[in-house]
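Student: Pasted the sequence and its predicted model underneath.
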Amino acid sequence: MHIGFRTSGGRGESAELVFGTNDPYEVGSQIRSWLSEYLLSGPLIPCELAGNRAVTAVRNLIGDTLPIRATPGSIRADYSTDSPDLAASERRPVHNLIHASGDVLEADRELKLWFPES
């Protein structure tokens, strides 16, 4: 199994070069560790936005998960130009200013984590 990243220089870097392994579980564990460190590096402001098609509306407002692909005018496009290749070369997760649930089921699960008393 080959897992690789495309760099701005046009060459692919193998997961083994970046992470020291090609094992998907190990790669995922490393990324999860980086993400946990990033999430704990500053203040978080959890909130619930509700309304007609709230998930779709919020996802449109914030832009694509990868800031480099986000639509101009969206929060992620206007405040970040991060990308997976840059993040991998710097041994960190993609930095996102904002998170939003991808669908209603995910939103329900995440709201229970942030607001267990609700």
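Tutor: Nice, thanks for sending it over.

Student: quick one: the spatially closest residue to residue 67 that is not a sequence neighbour and residue 28, what's the gap?
Tutor: Nearest residue to residue 67, sequence neighbours excluded (CB to CB, 6 or more residues apart in numbering): residue 80, at 3.7 Å. Yep, even glycine has a C-beta here, placed from its N, CA and C like the rest. The gap separating residue 80 from residue 28 is 23 Å, by CB to CB, to the nearest Å.

Student: okay, the two: which has more neighbours?
Tutor: The neighbour count for residue 80 versus residue 28, taken as other CB atoms under 10 Å, is higher for residue 80 (18 against 11).

Student: Quick one: residues contacting the more buried one.
Tutor: 67, 70, 95, 96, 97 (CB atoms under 8 Å, 6 or more residues apart in numbering).

Student: Tell me, please, where in the chain the pLDDT is lower than the cut-off.
Tutor: Applying pLDDT under 70 to the chain flags residues 1-13, 118.

Student: Which residue ranges of it form helices?
Tutor: For the chain, applying DSSP state H gives helices covering 15-19, 24-39, 54-62, 75-79, 84-89, 104-114.

Student: Quick one: closest of these to residue 45.
Tutor: helix 104-114 (10.3 Å; CB to CB).

Student: so that closest one versus helix 54-62, what angle?
Tutor: Put simply, helix 104-114 runs at 80 degrees to helix 54-62, going by axes from the mean of the first three to the mean of the last three CA atoms, to 10 degrees.

Student: Distance from the chain centre to helix 104-114, please.
Tutor: Put simply, helix 104-114 sits 17 Å off its chain's centre (CA atoms, centre = their mean, to the nearest Å).

Student: other SSEs contacting that helix?
Tutor: Applying 3 or more CB pairs under 8 Å, 6 or more residues apart in numbering; DSSP states H and E, we find helix 104-114 packed against helix 54-62.

Student: rewinding a little: in a markdown table, list the contacts of residue 80 along with neighbour count and distance to residue 48.
Tutor: Output for the contacts of residue 80, formatted as a markdown table (neighbours: other CB atoms under 10 Å; distance: CB to CB, whole Å):
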| residue | neighbour count | distance to residue 48 |
| --- | --- | --- |
| 67 | 23 | 24 |
| 70 | 20 | 23 |
| 95 | 15 | 24 |
| 96 | 21 | 19 |
| 97 | 13 | 18 |
